[in-house]
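Student: okay, sequence plus prediction incoming.
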Protein chains: 2
Amino acid sequence: MNIVDPAVIQFANDNFYLAFNSRDAVQMSVLWTEDYPCVCIHPGWAPLLGRDEIMESWNNIFSGQEPGIQIVCHSPRVLLQGDLFSVICYEQLPAGWLVATNNFVIEAGSVRMVHHQASQCMVPPELDEPPVVLQ
Amino acid sequence: MNIVDPAVIQFANDNFYLAFNSRDAVQMSVLWTEDYPCVCIHPGWAPLLGRDEIMESWNNIFSGQEPGIQIVCHSPRVLLQGDLFSVICYEQLPAGWLVATNNFVIEAGSVRMVHHQASQCMVPPELDEPPVVLQ
């Protein structure tokens, strides 16, 4: 079992939204695993499998119209499942709410992303803490 | 690392859809982990955390209107991420297509579910094999 402070995983999760909001393809690339099979399921999309497809999608999203969409991450919760860390959180976008799963593994001492899936959340969450705004 | 035939994981994934299609709350309960933190994100719903919330949702779904919705699972792909097995597949429902992630761990020698997330897939997949129909 991995002995990792959940705050370290939350930091990686924050870095994901920071990379997204700042349209930083390099930071996004650094975050995603080099060694594990990985999956990214953008809202409404078919699943993208493997680094190449996933990074191509981020590059396309980041090179799209300015200004880009900003995501505010709310209520991240870190779960340890085997030696995988799963972060469940809400994403607040201008068009509405999503619920996201962001999964991480420890790879050569670093926290790397192996899975992202964001799906529509019809009922906005009841939030009892201020949001984390990363820009 | 777990040495498990991917067919064993696909069998567990099949059992998930079999339990759903036959509205079998007992089999669904057997499938879900007893020991790990677990998450279920039904399409459009907020995330449900832990066995109690998850099983309550299945019981409510299964006790709803007859006949229940039937899901046809297409193109399951098994990925090994650390010691967690992730199955990415399409779900064909009367109302349209979903893409699902079903994650499993080995718990006391059995394959148990720790995560389910199904989200809308706007573009139907191009399928090159016959669907798996479980009833």
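Tutor: Arrived safely.

Student: ok, which residues in chain A are in contact with chain B?
Tutor: Taking CB under 8 Å from any CB of the partner chain as the criterion, chain A approaches chain B at residues A:36-39, A:41, A:43-47, A:49, A:77, A:79-84, A:86, A:88, A:99, A:101, A:103, A:105, A:114-115, A:117-123, A:125. The C-beta positions use only the backbone N, C-alpha and C, and glycine is treated the same way.

Student: do that again at 6 Å, thanks
Tutor: Taking CB under 6 Å from any CB of the partner chain as the contact definition, chain A meets chain B at A:36-37, A:39, A:41, A:44, A:46-47, A:79, A:81-84, A:88, A:99, A:101, A:105, A:114, A:117, A:119-123, A:125.

Student: where's the closest residue to chain B within chain A, which helix or strand?
Tutor: Ranked by CB to the nearest CB, the top residue of chain A for proximity to chain B is A:Ser119, at 3.0 Å. For A:Ser119, the element it lies in under DSSP states H and E is strand A:110-120.

Student: okay, the angle between that strand and strand B:110-120?
Tutor: On the basis of axes from the mean of the first three to the mean of the last three CA atoms, to 10 degrees, strand A:110-120 is oriented at 50 degrees to strand B:110-120.

Student: contacts for strand A:110-120 next, please.
Tutor: By CB atoms under 6 Å, 6 or more residues apart in numbering or on different chains, the list of residues contacting strand A:110-120 from outside reads A:12, A:31-33, A:36, A:38-41, A:43, A:91, A:98-105, B:44, B:81, B:101, B:117, B:119.

Student: mean confidence for that strand?
Tutor: Here the mean pLDDT over strand A:110-120 is 97, rounded to a whole number.

Student: okay, buried residues for that strand please.
Tutor: When neighbours are counted by 16 or more other CB atoms under 10 Å in any protein chain shown, the buried residues of strand A:110-120 are found to be A:Val111, A:Arg112, A:Met113, A:Val114, A:His115, A:His116, A:Gln117, A:Ala118, A:Ser119, A:Gln120.

Student: so what's the second one bridging to?
Tutor: Think A:Arg112. A:Val105 (DSSP bridges).

Student: any idea how far it is from B:Leu48?
Tutor: A:Arg112 sits at a distance of 27 Å from B:Leu48 (criterion: CB to CB, to the nearest Å).

Student: follow-up on the earlier one: alpha carbons of the strand holding A:Ser119, as PDB, please.
Tutor: What follows is the C-alpha trace of strand A:110-120 in PDB, where atoms were taken according to Å, rounded to 0.1, in the frame of the first residue of the first chain:
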ATOM      1  CA  SER A 110       5.800  11.200  -8.800                       C
ATOM      2  CA  VAL A 111       2.000  11.500  -8.800                       C
ATOM      3  CA  ARG A 112       0.800  10.800 -12.400                       C
ATOM      4  CA  MET A 113      -2.700  10.800 -13.900                       C
ATOM      5  CA  VAL A 114      -4.100   7.700 -15.400                       C
ATOM      6  CA  HIS A 115      -7.800   8.500 -15.700                       C
ATOM      7  CA  HIS A 116     -10.100  11.500 -16.200                       C
ATOM      8  CA  GLN A 117     -13.800  11.300 -16.700                       C
ATOM      9  CA  ALA A 118     -16.200  14.200 -16.500                       C
ATOM     10  CA  SER A 119     -19.900  13.800 -16.800                       C
ATOM     11  CA  GLN A 120     -22.900  16.000 -16.600                       C
END
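
Student: how far out from the middle of the chain is that strand?
Tutor: Mean-position distance between strand A:110-120 and its chain equals 5 Å (CA atoms, centre = their mean, to the nearest Å).

Student: okay, now A:Asp5: neighbour count?
Tutor: Here the count is done by other CB atoms under 10 Å in any protein chain shown, and A:Asp5 has 9 residues near it.

Student: cool, A:Glu126 as well?
Tutor: Applying other CB under 10 Å, we find 7 other residues in the vicinity of A:Glu126.

Student: just A:Val26 next, same as before
Tutor: The tally of other residues near A:Val26 (other CB under 10 Å) stands at 8.
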